[in-house]
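Here is a sequence together with a model predicted from it:
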There are 6 protein chains.
Amino acid sequence: MRILVVNVNTTETMTHGIGLQAQKVAAPGTEIVALTPRFGAESVEGNFESYLAAVGVMDAVMRYDQPFDAVIQAGYGEHGREGLQELLEVPVVDITEAAASTAMFLGHKYSVVTTLDRAVPMIEDRLKLAGLDARCASVRASGMAVLELETQPERAVEAIVEQAAAAVEQDHAEVICLGCGGMAELEAKVRERTGVPVVDGVASAVTIAEALVRMGLKTSKVRTYAPPRPKRITGFPLPSA
Amino acid sequence: MRILVVNVNTTETMTHGIGLQAQKVAAPGTEIVALTPRFGAESVEGNFESYLAAVGVMDAVMRYDQPFDAVIQAGYGEHGREGLQELLEVPVVDITEAAASTAMFLGHKYSVVTTLDRAVPMIEDRLKLAGLDARCASVRASGMAVLELETQPERAVEAIVEQAAAAVEQDHAEVICLGCGGMAELEAKVRERTGVPVVDGVASAVTIAEALVRMGLKTSKVRTYAPPRPKRITGFPLPSA
Amino acid sequence: MRILVVNVNTTETMTHGIGLQAQKVAAPGTEIVALTPRFGAESVEGNFESYLAAVGVMDAVMRYDQPFDAVIQAGYGEHGREGLQELLEVPVVDITEAAASTAMFLGHKYSVVTTLDRAVPMIEDRLKLAGLDARCASVRASGMAVLELETQPERAVEAIVEQAAAAVEQDHAEVICLGCGGMAELEAKVRERTGVPVVDGVASAVTIAEALVRMGLKTSKVRTYAPPRPKRITGFPLPSA
Amino acid sequence: MRILVVNVNTTETMTHGIGLQAQKVAAPGTEIVALTPRFGAESVEGNFESYLAAVGVMDAVMRYDQPFDAVIQAGYGEHGREGLQELLEVPVVDITEAAASTAMFLGHKYSVVTTLDRAVPMIEDRLKLAGLDARCASVRASGMAVLELETQPERAVEAIVEQAAAAVEQDHAEVICLGCGGMAELEAKVRERTGVPVVDGVASAVTIAEALVRMGLKTSKVRTYAPPRPKRITGFPLPSA
Amino acid sequence: MRILVVNVNTTETMTHGIGLQAQKVAAPGTEIVALTPRFGAESVEGNFESYLAAVGVMDAVMRYDQPFDAVIQAGYGEHGREGLQELLEVPVVDITEAAASTAMFLGHKYSVVTTLDRAVPMIEDRLKLAGLDARCASVRASGMAVLELETQPERAVEAIVEQAAAAVEQDHAEVICLGCGGMAELEAKVRERTGVPVVDGVASAVTIAEALVRMGLKTSKVRTYAPPRPKRITGFPLPSA
Amino acid sequence: MRILVVNVNTTETMTHGIGLQAQKVAAPGTEIVALTPRFGAESVEGNFESYLAAVGVMDAVMRYDQPFDAVIQAGYGEHGREGLQELLEVPVVDITEAAASTAMFLGHKYSVVTTLDRAVPMIEDRLKLAGLDARCASVRASGMAVLELETQPERAVEAIVEQAAAAVEQDHAEVICLGCGGMAELEAKVRERTGVPVVDGVASAVTIAEALVRMGLKTSKVRTYAPPRPKRITGFPLPSA
């Protein structure tokens, strides 16, 4: 099966990292195709950029001209998943929801550790709408910007590990969801320091997408995610460069 | 003061209607400027189109080159308000929230009557995120598409009045919010048939925007709606035609 | 239009201050009439006194013999608003709800800073019943009694500013509602110290009352706020002195 | 021990009936004293009358000049309980809460059947504030006014039984709380028709008040129900006739 | 009347203590019969042991061959109450729920102080299912194991008193429920140190069971707690030794 | 990898059916071992039987003497999952939660269709505790007993299909979870009649268990699911026959 993993920002190196992460957990026979939007911000850290990402991701998927079996939206706390669900029949999995859903099988409460403080209410809102917030102990920010995860990896790891430990000790989280990606040693360090399971959004999303495909399950089309009605649209799909 | 009222779809006649509706309730001295997005769908009836609208509305506002004091996003149940709040210091008022907020001063519970059934979960989600759902008795669909409100006004009025009556009689709504616009006689008919106050989103939003401006209140910039950080953005603002 | 602003306690100087505050924000053409109850406590700081206030306020309004267009109940976290809504057709606006409703247009979460700790659960209960609590980050007490706001203004301002800052820094409030009135410099100081918008209940309520009147909206009479049924009442309206 | 059972309305025959009901369930050695307010409505069916009742009940209790061990406020869905709790150290039990609390030991969900439709939101609000609403299946109105329970007992019983049956069959209630008092045969008829336990508010409240007294428990005075602070009060206690 | 009070663990000395506690508060004429399960753990401190207790308690009650009027399950936060309710017509009272229900008549918020930290989520879950969590300020652990309450009573009292004080001062609890039993001086010490009412689960449960019996109320049999359908059961009741 | 799928009742034919269902969806290389408890009821349809099942399932798993990688508890709405989580390090997946969690990726709201009406509150309670209830539109009963699914398959299918259709049409479910197992043609018929995706609990649970194992995730041991403390246990594991 082929799964599209769509980055929410326009930074190709990040897309590459996400693709590797996805491929690592994928079952034999699963092909991961990582896509980068042609529209939007180099990193997504707020609602403005997240709304651009919603359009950029939909554009990237609509432009992809090969068959595929599922789509993963690889942004933590971002807008857009419902739009993809209207446009597609194949399952669409958001990594924020995938991680939360997975964490809930492993402990009584989970926490999310993310990048900047401004992302916290966005993630809280996505979890609330997804109905996955009841067992969320906290969403905590490391204070590191998305791009700093790449430029200052050591400081980033330290800041994230510290917040994960605080989530376990002060907020009674029993599982940590990493709301920021791409650092090989991060999972191991958080697990080691806190003693709790660490869930990665991209990996979770891959296993969920594969499972849905394997069970033959597709997005329900009876109401919320019915296909868009035929009508005049201006400017989308985005013009080719 | 000058208030921008931004239509969420690209249909100019609707923009015109919304502008008139807004101007009618505006205080003396308030100038209403109604804007039409250059991007998106001719009518917004789902998440895909709503995400396009979010970008189209932000583009329309950023492109407007005169000073203004507040912005009204004139779409019921649509995405995008938070993006505008990041981009602007002046208040941004969404008509879904304005209507609910106003209705809650008039009765114990309110209902929303909207167009198509597929809009119902979108409106429910917006009210939930806005924290304005606790006293919402129901969101009901008339089954009329947005553009049919213009092409089949009589049938539309009848269908909407019927759902409003059901909301009062079966769901115990004490106030009705009209989640669809532009029909002069609609308010009067719903009020007459149900005996309850009828709240229009655009009118409510104008009074709220005026009030915020008069009190000197602006969007809080300390966290969720802090200005976007400087970064490389591709494709936005949208290219000029 | 004429708006009655009813103090909840019997202290005339407070009524005077509230009246000035209301007039300051009122639109040209709005006449503010500030009323003092003939019954109840010199300051309202608990449920016993608040229930007296409910009756005192209804009495003051019923006794007022000129036409009026709306009523504002100017007490933070007090009982009684629903009784007025039954007795009147014109809109009734409670300042606790007006402030919360206004704050929610300006930031993701708001906090209330009030006087004594014992008022905190009362305000929390009013916000919960009003369905305006979902985005309330906290209700905090300054520890100052109502009358101390007048006798020790400097200490009061300091104590309130301190709690407002804690609400922003610790509770993630993005807007502050002042749950205590009458100090000219308070708003400015809180805004300066915290960097967030500061909402005053009386001012918000005036703009909301004006808006409802302008839109021709009145209290719904179909169920909860239907007029009292004719029956034998003992002792009310309260006997003339 | 002596328990004051305070009627919320000024109709002496109702007070008498409530007193008999209370005495019937009281333990040997418990003296029931039934009080009628000197202030307020002959029947309480709305917020205006309920706020008068709050003051009338507090007045009746403060005027009672013998020692007592607990107070029961015998009105369904009425205001005022918190005021009494501030004024007294002995336990105060509201019959709305007593019935709900008792019903929850007997079935998974309970419903309340009350008099007029306008009482429904009042009862719902009291249960929500009391934190006893999570297992409330419904509050249903029989459409009978309070005084009609006395003047048209047969029709009243029929209407109430019908709503109780609907609560069990349609709302999945497993227990019925009677939100209206004084009819000897009512409990038996509802139980017979529905097959579920029927809880009477006054009886429940008597057993709870006795239990609290027997365990030596009194109202907590540390915060919400601390005694009113000394201050100038006008008009209360109400003047002697 | 005869009330069975069933210990959840197999430690006879604890059963004895619980029986004494129950008898002390029981009305004249109430006979307390304390039962010890023949199956399960010597102390119950987790879900595994709690599920064993559920079966052990049902077995102990089914094996009791004299008539009885009510059953109290004397374990804090344990599983099993619903099973008893299916097997019996007489009322079944769980001490976790009895304490919470009682506390809510005495203050605006209550906290529970229990033994080990691992019991906290179990108690929170029981209160949530019982619909008694809305006014729960916190559940706090003293860090003492169940059996240490007997072996190190002084240290246990100190640890519990400390958490009770923190609940009042930091979590705004106005009443404390003791989620651990059997120490004579504990209640007095907590009350003295915190100044708030202290509710004991076993005592509360006895008064509630007596009240239900006195009012002739039994478990509803229409749905959730209908008797088990006749079917083949293996291994239960447990084999006689 | 080897996954234990544990039936909650003692009916071997059901265990066999569940095992086949699990094996059908399992990945190549996954070995399914289906276990039948030696203790409990031939079918589980209520709390009493469900508590027996909790112990029977724990016993069956503890007695299994080969290595395994995950456990699935194959009962809809049953007790016991938390006990297994304490006893084991490998992941434990409950089919009620697996189905809900899966359904939430496919539509805005889901409904569960189960057997007898008495199972409805049990399933609702499990979903509430699991924090998976926010997007549950309804839990509906077909009125068929568990064993009738085998003895009257045609009537059962008809009854279940009817409730599924009602869930979609009346409750706005967009996905159906089958809360009862083992009928080959059931899924197809429900899907055909309603047009929505149909989720099977056992199949979902297998894919989730496999995913957790593949990601190397285990049950968190820091708090709620810490291993039982060493202590004296009577009667468990259950005696060998």
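It's in.

Tell me how far the most centrally placed residue in chain A lies from chain F.
Centroid-nearest residue in chain A: A:Ile95, 2.9 Å away (criterion: CA atoms, centre = their mean). Distance of A:Ile95 to chain F, computed by CB to the nearest CB, to the nearest Å: 12 Å. All C-beta spots, glycine's among them, are computed from the backbone N, C-alpha and C.

who are the neighbours in contact with that residue?
Going by CB atoms under 8 Å, 6 or more residues apart in numbering or on different chains, A:Ile95 touches A:Ile72, A:Gln73, A:Ala74, A:Gly75, A:Tyr76, A:Gly201, A:Val202, A:Ser204, A:Ala205.

Can you get me a residue count around the nearest residue to the last one once chain neighbours are set aside?
In this case it means A:Ala205. Spatial nearest neighbour of A:Ala205, chain neighbours left out: A:Ala98 (3.8 Å); criterion: CB to CB, 6 or more residues apart in numbering or on different chains. By the measure other CB atoms under 10 Å in any protein chain shown, the count of residues near A:Ala98 is 28.

next SSE after the worst-scoring helix or strand of chain A on mean pLDDT?
Least confident helix or strand, chain A: helix A:148-151 with a mean of 84, by mean pLDDT, DSSP states H and E. Next in sequence after helix A:148-151, counting helices and strands by DSSP states H and E, comes helix A:153-171.

anything in that next one near chain C?
No: applying CB under 8 Å from any CB of the partner chain, one finds helix A:153-171 separated from chain C by no less than 13.0 Å.

Off-centre distance for the following helix or strand past that helix?
Per DSSP H and E, the first helix or strand lying C-terminal to helix A:153-171 is strand A:175-178. Remark: strand A:175-178 is offset 13 Å from the chain centroid, using CA atoms, centre = their mean, to the nearest Å.

any idea which of the contacts of A:Ile95 is closest to C:Glu45?
C:Glu45 has its nearest neighbour among the contacts of A:Ile95 in A:Tyr76, at 45.7 Å by CB to CB.

The closest one reaches A:Ile123, doesn't it?
Yes: counting by CB atoms under 8 Å, A:Tyr76 touches A:Ile123, with 6.4 Å between them.

Name the residues contacting each of the two.
Common neighbours of A:Tyr76 and A:Ile123 (CB under 8 Å, 6+ apart) are A:Thr96, A:Val112, A:Thr114, A:Gly179.

who's in contact with the second one?
For A:Val112, the set of contacting residues under the criterion of CB under 8 Å, 6+ apart consists of A:76, A:96, A:99-100, A:123, A:127, A:136, A:138-140, A:176-179.

if we go to 7 Å?
By CB atoms under 7 Å, 6 or more residues apart in numbering or on different chains, A:Val112 lies in contact with A:Ile123, A:Val139, A:Cys177, A:Gly179.

so which of those is the most crowded?
A:Cys177 (31 neighbours).

What's the separation between that one and A:Pro227?
32 Å (CB to CB, to the nearest Å).

same check, this time on A:Met122
Distance of A:Met122 to A:Pro227, computed by CB to CB: 28 Å.

Of these two, which one has the most company?
Using other CB under 10 Å, the more surrounded residue of A:Met122 and A:Pro227 is A:Met122, with 24 against 12.

A strand includes that one, no?
No: per DSSP: H, G, I helix; E, B strand; the rest coil, A:Met122 lies outside any strand segment and is helix.

check contacts around it.
With the criterion set at CB under 7 Å, 6+ apart, A:Met122 makes contact with A:Asn47, A:Ser50, A:Gly77.

can we see that at 10 Å?
Applying CB atoms under 10 Å, 6 or more residues apart in numbering or on different chains, one finds that A:Met122 lies in contact with A:44-47, A:50, A:76-79, A:96, A:114, A:139, B:82, B:224, C:108.

pLDDT score assigned to it?
Note on A:Met122: pLDDT of 98.

Give me the secondary structure label for A:Val57.
helix.

these two touch, right, it and A:Tyr64?
No: when contacts are counted by CB atoms under 10 Å, A:Val57 is not listed as touching A:Tyr64 (11.0 Å).

So these two - more neighbours on which side?
A:Val57 (32 against 15).

which residues sit in contact with that one?
Shown in contact with A:Val57 (CB under 10 Å, 6+ apart): A:4, A:6-9, A:35-37, A:39-40, A:71, A:73-75, A:78-81, A:83-84, A:92, B:51.
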